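S.K.: Prediction below, plus the sequence it came from.
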Amino acid sequence: MNVDRAVMLFAGFVVLASISLSLAVHPWWLALTAFAGLNLVQASFTGFCPAAIVFRRMGLKPGNAFK
């Protein structure tokens, strides 16, 4: 697994967890989904992603998107 795939996996998990929490606990958990989406859009323009930095420090190989 490389950093790009780990970031996509993590973002997908955050979105699914947020939707589940919004249904089970409170609708304001959807704000977490909005945050994840905004972070993905920002990363696509700037190439800066905090999750990519963490995954790189964990030893994952860089992919094409986050070098």
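M.R.: Noted; the coordinates are in hand.
S.K.: make it CA atoms for all contacts and neighbour counts henceforth
M.R.: Noted.
S.K.: For residue 30, see how far away residue 18 is.
M.R.: Distance of residue 18 to residue 30, given as C-alpha to C-alpha, to the nearest Å: 6 Å.
S.K.: no, scratch that, I was asking about residue 55
M.R.: To residue 30, residue 55 is 25 Å away according to C-alpha to C-alpha.
S.K.: tell me the centre residue of this protein?
M.R.: Nearest to the geometric centre of the chain sits residue 11, at 3.0 Å (C-alpha atoms, centre = their mean).
S.K.: Would you enumerate the residues in contact with that residue?
M.R.: By C-alpha atoms under 8 Å, 6 or more residues apart in numbering, residue 11 lies in contact with residue 36.
S.K.: mind checking which helix or strand it is in?
M.R.: Secondary structure from DSSP states H and E places residue 11 in helix 3-24.
S.K.: buried ones in that helix?
M.R.: 3-4, 6-7, 11, 14-15, 17-19, 21-22 (16 or more other C-alpha atoms under 10 Å).
S.K.: any idea which helix or strand comes after it?
M.R.: helix 30-46.
S.K.: how far does the next helix or strand after that next one sit from the chain's center?
M.R.: Note on helix 30-46: by DSSP H and E, the next helix or strand toward the C-terminus is helix 50-57. Here helix 50-57 is found 11 Å from its chain centre; the criterion is C-alpha atoms, centre = their mean, to the nearest Å.
S.K.: Dump the C-alpha coordinates for helix 50-57 into PDB.
M.R.: Taking Å, rounded to 0.1, in the frame of the first residue of the first chain, the C-alpha atoms of helix 50-57 are listed here in PDB:
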ATOM      1  CA  PRO A  50      -1.800  16.200   6.800                       C
ATOM      2  CA  ALA A  51      -2.800  12.500   6.600                       C
ATOM      3  CA  ALA A  52      -0.300  11.900   3.800                       C
ATOM      4  CA  ILE A  53       2.400  13.300   6.100                       C
ATOM      5  CA  VAL A  54       1.400  11.000   8.900                       C
ATOM      6  CA  PHE A  55       1.300   8.000   6.600                       C
ATOM      7  CA  ARG A  56       4.700   8.800   5.100                       C
ATOM      8  CA  ARG A  57       6.200   9.000   8.600                       C
END
